[in-house]
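>>> here's my sequence, what's the structure:
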Amino acid sequence: MKKILPIAALLLAAAMPAAAQQNTRTALLHMKSGEVKEFNVSDLDSITFTQPVDYDKVVQCKYGMGVYYGDGEYYTVVSTDSLDPSGYPTRVGQVSVFFYAIGAKSVYSPAAILPSGRYVASTSFAQGTLYQSDRYLYAFECTAINDGKPTGKKVAFDLGAEANVEYKSDGTYAIDIKGRSSSTTEGFSNVHLTFDGTIAYANKDASYYELYDHDYNFVPKNLSAGYTAGTSYGDYSCSFYTVPLDSNGYTIGAGELMNVELLTKPDSVMNLDDLLGEYKVTSAMQGPYEPGRFLEGINYNMYGTYVSIGTYINEYNDEGYVTPNTKRGFVKDGKVTVTKDGDKYRFVCDLVLENGYKLTMDYSADKSCFVNRAGAPAARTPMVKSRNAAATATASQPAALRLVKVSR
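Numbering: from 1, shown residues only. Predicted structure coming up:
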């Protein structure tokens with residue numbers, strides 16, 4: 001008499017190690033209808049049985065947008081209606097789901113693509129993760145819009161979430177998201193959202209920058225320079241610029257800044273005649289740090305924030321920011337010559353950028369442009385200061401999509 005095992009027992013038997021089930025290659029599932037289904041289980045590792053989830057809000061979406069922050073980090077919002085440029089809802093009753101997916105790094109940051117695959121909620125930064133936080137993984141239902149700012153019901157997926165993402169050959173996405181929440185105060189807890197449409201990711205990859213793509217002769221309008229002293233060398237940080245500054249020395253508009261970092265003999269007080277001579281390049285991070293050298297330029301990763309140090313040229317946008325969409329050029333070779341004529345110091349730069357193009361400059365500055373900071377530690381940062389953007393949002397508002405990034 002043929003014995004039919006219960007489904008659970010059959011599957012568990014099929015998943016036993018080969019030593020115990022040497023000839024097991026498939027599992028037979030006997031359906032209530034009498035149909036028998038056969039499945040290949042050669043690669044089966046384990047079986048998990050779960051309780052079904054009751055999704056009390058099921059929505060279909062066709063609007064989406066996102067921000068790519070580099071390092072495979074994709075902040076995304078999908079919604080039932082159109083979104084404003086910051087990712088905010090535009091209509092009362094609109095439902096949106098926000099998620100921060102960690103995947104493979106984009107090949108080209110200005111046209112980032114969220115990789116296809118399965119993403120599961122976690123607080124790690126491993127690939128295949130939806131970063132779990134009430135700030136980055138939640139559903140939002142808009143109930144009012146006042147002065148362009150939406151308020152409404154926010155439900156964080158604290159009990160878990162998963163998203164299946166497919167990037168299709170026509171450039172659209174098919175996304176299925178299921179999120180679960182312990183919230184009992186907003187009228188819904190568990191959300192099942194499907195999305196079919198396009199998502200354009202704004203490039204906020206701090207490590208990415210546009211290159212100066214031709215030989216360039218920089219003609220500055222001003223110089224702000226400072227001297228600091230080390231034990232074996234003096235450091236002149238010379239910022240030549242056309243970008244406008246406020247009264248505190250912060251950039252506030254469009255223009256360019258070229259920083260040249262020159263190492264001289266160390267003096268306890270600033271002696272501008274120490275600047276005279278010719279300078280060759282040296283590594284910004286490894287040296288040698290000795291008189292007669294200028295520091296190469298690098299895009300330095302300072303705890304996740306990228307800053308330009310050494311000798312470089314940066315372009316600033318209309319608000320006075322260096323962004324992934326403004327040009328940067330880091331000097332890797334060449335020479336700098338400094339001469340003196342009366343009270344003026346002439347800087348002649350014949351430099352080579354990282355992509356091989358030449359960067360030249362010929363500028364004379366009065367000695368009043370130099371500040372003595374000999375009592376401070378030797379610096380490798382420019383005199384002119386760049387501003388950092390910051391943003392806040394109230395608890396009842398969704399965070400502005402373009403202004404927030406997970407801090408590792």
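>>> from now on I want contacts and neighbour counts done on CA atoms only, so please keep to that.
Fine.
>>> tally up the residues packed near the closest residue to Val219 other than its chain neighbours, please.
Spatial nearest neighbour of Val219, chain neighbours left out: Met361 (6.4 Å); criterion: CA to CA, 6 or more residues apart in numbering. Neighbour count of Met361, defined by other CA atoms under 10 Å: 17.
>>> could you say which helix or strand holds Met361?
Under the assignment given by DSSP states H and E, the secondary-structure element containing Met361 is strand 358-366.
>>> show residues contacting that strand.
Defining contact as CA atoms under 8 Å, 6 or more residues apart in numbering, one finds that strand 358-366 is touched by 214-220, 222-223, 343-353.
>>> which ones among those residues are found in strands?
Within these, membership in strands is found for 216-218, 222-223, 344-353, as judged by DSSP state E.
>>> quick one on the thing from earlier: got the buried residues for the strand holding Met361?
Residues of strand 358-366 classed as buried by neighbour count (16 or more other CA atoms under 10 Å): 358-365.
>>> what average pLDDT does that strand get?
Strand 358-366 shows an average pLDDT of 97 in the prediction.
>>> what of stretch 189-199?
Average pLDDT, stretch 189-199: 95.
>>> quick one: contacts for the residue lying closest to Arg180 once chain neighbours are set aside?
What sits nearest to Arg180 in space, not counting adjacent residues and going by CA to CA, 6+ apart, is Asn190, at 4.4 Å. By CA under 8 Å, 6+ apart, the contact set of Asn190 is 54-57, 157, 178-181.
>>> is Pro85 in a helix, a strand, or coil?
coil (DSSP: H, G, I helix; E, B strand; the rest coil).
>>> ok, back up a step: the helix or strand just after the strand holding Met361 packs against which elements?
Tracing the chain C-terminally past strand 358-366 and defining elements by DSSP H and E, one meets strand 370-372 next. Using 3 or more CA pairs under 8 Å, 6 or more residues apart in numbering; DSSP states H and E as the contact criterion, the elements in contact with strand 370-372 are strand 222-229.
>>> domain assignment for the chain?
What the record gives for the chain is the domain set 1-49, 57-205, 210-372, from automatic domain parsing.
>>> so which strand or helix has Ala202?
Secondary structure here is read from DSSP H and E; on that basis Ala202 sits in strand 201-203.
>>> same question but for Glu166, I mixed them up
strand 160-167.
>>> now whatever helix or strand comes next after that strand: average pLDDT?
Along the chain past strand 160-167, the next helix or strand (assigned with DSSP H and E) turns out to be strand 173-180. Looking at strand 173-180 alone, the average pLDDT works out to 96.
>>> contacts for strand 173-180?
138, 157-168, 189-199.
>>> repeat that for 6 Å
Contacts made with strand 173-180 from outside it, assessed by CA atoms under 6 Å, 6 or more residues apart in numbering, are listed as 157, 159-167, 190-198.
>>> give me every residue that touches Lys221.
For Lys221, counting by CA under 6 Å, 6+ apart, the contacting residues are Thr242.
>>> what count of nearby residues applies to Leu83?
By the measure other CA under 10 Å, the count of residues near Leu83 is 19.
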